[in-house]
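Peer 1: Sequence and predicted structure below; questions after.
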Amino acid sequence: MALYMRGIKSIIGSLTLIADDNALLEIQFKSSMQNDHSKILDLAQKELELYFARKLKIFTVPQNPRGTSYQCKCWQTLQKIKYGQTISYKDQATQVANAKHTRSVAQANSKNPIPIIIPCHRVIASNGDIGGYAGGLKMKKILIGLEQDSN
């Protein structure tokens with residue numbers, strides 16, 4: 001199966017989108033000079049641009065995140081968090097398995113291959129602190145703010 005890659009610019013910096021013929025596979029927080037043609041990449045780019053412009057709340061681009069069964073279960077719970085809302089790692093852990101599994105849930109979230117679209121930025125610490133984010137805390141604050149300001 002062919003892989004396609006495209007670099008795009010966004011309000012949070014450069015992103016690289018990676019897809020196959022059927023689905024978006026990854027969003028990386030780095031720049032790429034590659035600009036492959038792909039219907040999946042076209043749709044992902046369009047939807048991300050609309051999201052950053054506060055005109056899209058639900059993504060429709062097909063996705064195929066690759067991970068362990070536990071990671072995939074964690075990522076599925078992320079997609080249930082509504083736009084502009086946050087939950088705690090403890091809440092997510094309760095949905096996945098057990099409230100005591102907050103560290104394993106946070107670790108799975110950090111491996112999310114399709115951030116933003118699979119919204120791991122919507123998970124925060126129980127005490128209200130922002131928690132961690134693979135793209136950095138500044139980026140997480142921007143994404144949470146973007147959603148809460150347009151809600």
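Peer 2: Alright, I've got the coordinates.
Peer 1: contacts and neighbour counts: CA atoms only from here.
Peer 2: Will do.
Peer 1: phi, psi of the residue most central in space within the chain?
Peer 2: Ranked by distance to the mean C-alpha position of the chain (Cα atoms, centre = their mean), the top residue is P115 at 2.0 Å. With angles defined as degrees, to the nearest 10, P115 sits at phi -60, psi 160.
Peer 1: what do you get for G128?
Peer 2: phi 90, psi -10.
Peer 1: Could you tell me how many residues sit around it?
Peer 2: 11 (other Cα atoms under 10 Å).
Peer 1: rewinding a little: unless I'm mixing things up, the residue nearest to the centre of the chain is touching I27, no?
Peer 2: Yes: using Cα atoms under 8 Å, P115 is in contact with I27, at 6.3 Å.
Peer 1: Domain map for this structure?
Peer 2: What automatic domain parsing lists as the domains of the chain is 4-52, 69-149.
Peer 1: could these go into CSV alongside distance to T60 and mean pLDDT?
Peer 2: Below are these laid out as CSV (distance: least, Cα to Cα, whole Å; pLDDT from 0 to 100):
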stretch, distance to T60, mean pLDDT
domain 4-52, 8, 96
domain 69-149, 9, 94
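Peer 1: Dump those domains to CSV, plus distance to V61.
Peer 2: Shown next, in CSV, are the domains of the chain (distance: least, Cα to Cα, whole Å):
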stretch, distance to V61
domain 4-52, 6
domain 69-149, 9
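Peer 1: For P62, which of the ones you listed is the nearest?
Peer 2: domain 4-52 (4.7 Å; Cα to Cα).
Peer 1: Quick check: end-to-end length of the closest one?
Peer 2: The first and last residues of domain 4-52 sit 22 Å apart, counting by Cα to Cα, to the nearest Å.
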